[in-house]
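> need a structure here:
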Amino acid sequence: MSYIQFDKKQLVNLAYSLSKEVVRSNRSGAYASTTISGCNTRRYHGLLVAPQQKISGVHVIISTLDETVVCGNASFDLGVHKYPEVYSPKGYKYLRDFVAQPIPKSTFRLGEVVLTKEKLLVEHENRSLVRYVLEEAKEPVKLRLRPFLAFRNVHKLASANDEINQAYEHIAQGIKLCLYDGYDDLYMQTSKEPEFVAKPDWYYSVEYIEDMEMGMEFQEDLYVPGYFEVTMQKGETVIFTGGPDEVKTANLLRMFNTQTRKRTERNSFENCLKVAAAQFILTSKGKGKSRKNDRTDVIASYQLYRRGGRDAFIAIPGLTVSDDDNKAFKALLDTMLKDRKGPFFPFWEDTDSEATYEAMDAPLWFFWALQQYVKRTGDRAGVWKAYGKDMREILEAYRDGTDFNIKMQSNGLISGGVAGKALTWMNAFSGKKAVTPRIGMPVEINALWYNAVAFTLDIAGPRSTEGKKVIAEWTGVPEKIKGSFVETFWDEKKGYLADVVNGKEKDWSIRPNQVLALSLPFSALSEEMKGSVLKKIESELLTPRGLRSLSINDKQYQGKFFGDLEQRNKAYHQGMAWPWLAGHYVEALLEHKGRKALPQAYELYQGFESVMREHGLSTISEIYEGEEPYKACGAVSQAWNVAELIRMDKIIKDFDEVTQPLTI
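Okay, here's the model as predicted:
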């Protein structure tokens, strides 16, 4: 039996099946995503969603592929679309089985006919493959394939128009077309000689219910150029492909089988995380023979397709743990450094907008990522040689002052922030106003700052020019920061750390940011302080899905995630649980409590296995509601969540191994 599987009763229940989404990527920029029912519920869904050579961003090219099976005088439409007040056709009612691994496979029963459908993307190529097998049939059947085309950016919606190019050309067992200037040509072919019936038409007002619930525009018009028709015998296989160039159709079956063999079986919790992690790492080749322009990037989430320095540095260590891939680890760091401007690393809300450089914590997470690399490789000298100059320049910029009023104060702590900006990871906006502006001295920024300065001095090569500068300028500074940190953020009576200090004002909201003061390799807190903070975190922030972004006892706490986009943004960091923080919690827990905390750590990690069948199948969602049943919300697959769970597993196992009692 498959590790992730759904039966007929679940599949025909739209309230259930529409909430289960599948995301698959090709690790070079393209992805495919939909629900297990086959009905797209977001503008981000599509059978082929890919970057284009001449247009920035990522684009939905093929929205979906509808099938009609003709048996004698009867025809069965297997597609599913939401239109105003109706689902049509209702192909989900023929679904009998859905298996998510190693590739998504749907089984349809149409009377005495059984047809299976499997989908995948070709690795490192913007090509979708769909394989149909006629498993049972007493007589030949006709299979009609109707492609619904969008040719639009993932963040936009398509509308019927007169500018569309309806022309197409016949190619070997298919057609070639391009709906709009600037887009790559789309080649659609089948493994068996089809009849292409040209029947150009617009399908109006296709609705995306997830977008509708968020108060976004949710209707679009999709273009269908016609349909492909092939006759199938029992046991026969037909493969459809859509991609940027023409292929030899005789090779399609071999291509499909080869790609299938490359897939790692999602047959365990650990393998699900491993495969999900690999989907976030994208590689691309630069132009020319030089490899200087080659890139290895981290995608922050699917399907929003966001990139960002903060997310990347937090995720890189965990994403590269499974295969102990130090080469990828370093390539990811080096790619991020290519985009550094001053002390800052870029943050993209999406791949269309110009990169912004306003994440106050991203440069400091860079140091933490380097620490994890040193821990993995033991190559202190090599890390200093490769990155010492970058480390020194970042520290100096924060010390001397940089954009957004970010500067080291006389007490050694870092302060920053301006009105209208949210510079920390709690960066949600309601309208044009930051929900949690956190101007001043945020606690995690200063925990990261202390860690960065201490780590830099720890590995600075005393014989190098960079090392001599760092040792001369920064010796004694960590001690100053440490004393100021405790004096500024700690309260003995409250027993926890202030979240933000701005002048004489202290925000005592109980938030998870303080966990970093416990988990980072260099901590300013005593063991007694750590124990007190852990108790506060466990009593008011800890959930089976990570740490709440705000105490459950706070008046501003919101434990549910619903309503339009503005309502959701207000709740985003006001009570939602974040899995990535669980990695730092477990690290702090084991460091402070030792072996007796292992059962608690194992329980938290293993508790995430149940979410493999929720929301984004075989992956970890962006956020979870702060109270039972801890519903999955937001993006269906988030890099730093997947990464930190993988790292958490390694932390626990390594700790368990080295703390085993001696036997005589």
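> quick one, domains of the chain?
For the chain, automatic domain parsing gives the domain ranges 28-263, 270-658.
> first-to-last residue distance for the shortest one?
Going back to what we said before, that points to domain 28-263. 15 Å (CA to CA, to the nearest Å).
> again with stretch 107-117
Chord length of stretch 107-117, first to last residue, is 6 Å (CA to CA).
> avg pLDDT for that stretch?
The average pLDDT for stretch 107-117 rounds to 97.
> okay, now the unreliable bits of the chain?
For the chain, the stretches with pLDDT under 70 are 1, 286-292, 305, 323, 349-353, 660-664.
> can you rerun that using 80?
Applying pLDDT under 80 to the chain flags residues 1-2, 285-293, 303-307, 322-324, 348-355, 658-664.
> tabulate the domains of the chain in TSV, adding columns for distance to Leu11 and mean neighbour count.
Any C-beta I mention is one placed from the backbone N, CA and C, and that applies to glycine too. Supplementary listing: these in TSV, determined by distance: least, CB to CB, whole Å; neighbours: other CB atoms under 10 Å:
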stretch	distance to Leu11	mean neighbour count
domain 28-263	4	18
domain 270-658	13	19
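> among these, which comes closest to Ser2?
domain 28-263 (4.3 Å; CB to CB).
> before we move on, the earlier item: would TSV of the domains of the chain with distance to Leu14 be doable?
TSV is the format used below for the domains of the chain (distance: least, CB to CB, whole Å):
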stretch	distance to Leu14
domain 28-263	6
domain 270-658	16
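> now the helices for the stretch 1-150 of the chain?
Using DSSP state H, counting those that start in this stretch, the helices of the stretch 1-150 of the chain run over 8-11, 14-17.
> nearest to Leu143, of these?
Nearest of those to Leu143, taken as CB to CB: helix 8-11 at 20.6 Å.
> buried stuff in that closest one?
10-11 (16 or more other CB atoms under 10 Å).
> ranges for the strands of the stretch 501-650 of the chain?
Shown for the stretch 501-650 of the chain, the strands assigned by DSSP state E, counting those that start in this stretch span residues 505-507, 542-543, 546-548, 577-578, 623-624, 632-633, 637-638.
> which of those strands sits closest to Gln558?
Among these, if distance is taken as CB to CB, the winner is strand 546-548, at 10.1 Å.
> show me the contacts for the most centrally placed residue in the chain.
Nearest residue to the geometric centre of the chain (CA atoms, centre = their mean): Ser301, 2.3 Å. Counting by CB atoms under 8 Å, 6 or more residues apart in numbering, Ser301 touches 311, 622, 635, 637-639.
> from Lys555, how far off is it?
30 Å (CB to CB, to the nearest Å).
> repeat for Tyr180
From Tyr180 to Lys555 the distance is 51 Å (CB to CB).
> bridged to Phe344, which residues?
Lys341 (DSSP bridges).
> wait, Ser430
Counting by DSSP bridges, Ser430 is bridged to Lys433.
> for it, what are its contacts?
566, 569-570.
> from those residues, which land in helices?
566, 569-570 (DSSP state H).
> between those residues, which is nearest Pro84?
For these, the nearest to Pro84 is Glu566 (24.3 Å; CB to CB).
> could I get the buried residue list for stretch 9-29?
For stretch 9-29, the neighbour count (16+ other CB under 10 Å) marks 10-12, 14, 17-29 as buried.
> now the helices for the stretch 251-400 of the chain?
Remark: helices assigned in the stretch 251-400 of the chain by DSSP H, counting those that start in this stretch are 252-262, 269-279, 309-319, 326-338, 362-377, 380-400.
> which one of these lies closest to Val533?
Short answer: helix 362-377, nearest of the helices of the stretch 251-400 of the chain by CB to CB, at 18.9 Å.
> now do the closest one: which elements does it pack against?
helix 309-319, helix 326-338, helix 380-400, helix 443-459 (3 or more CB pairs under 8 Å, 6 or more residues apart in numbering; DSSP states H and E).
> how far off helix 380-400 does that helix point, in degrees?
160 degrees (axes from the mean of the first three to the mean of the last three CA atoms, to 10 degrees).
> nearest spatial neighbour of Lys570, chain-adjacent residues omitted?
Distance criterion CB to CB, 6 or more residues apart in numbering; nearest residue to Lys570, sequence neighbours excluded, is Ser430 at 5.3 Å.
> before we move on, what about Lys330?
Closest to Lys330 by CB to CB, 6+ apart is Tyr373, at 7.1 Å.
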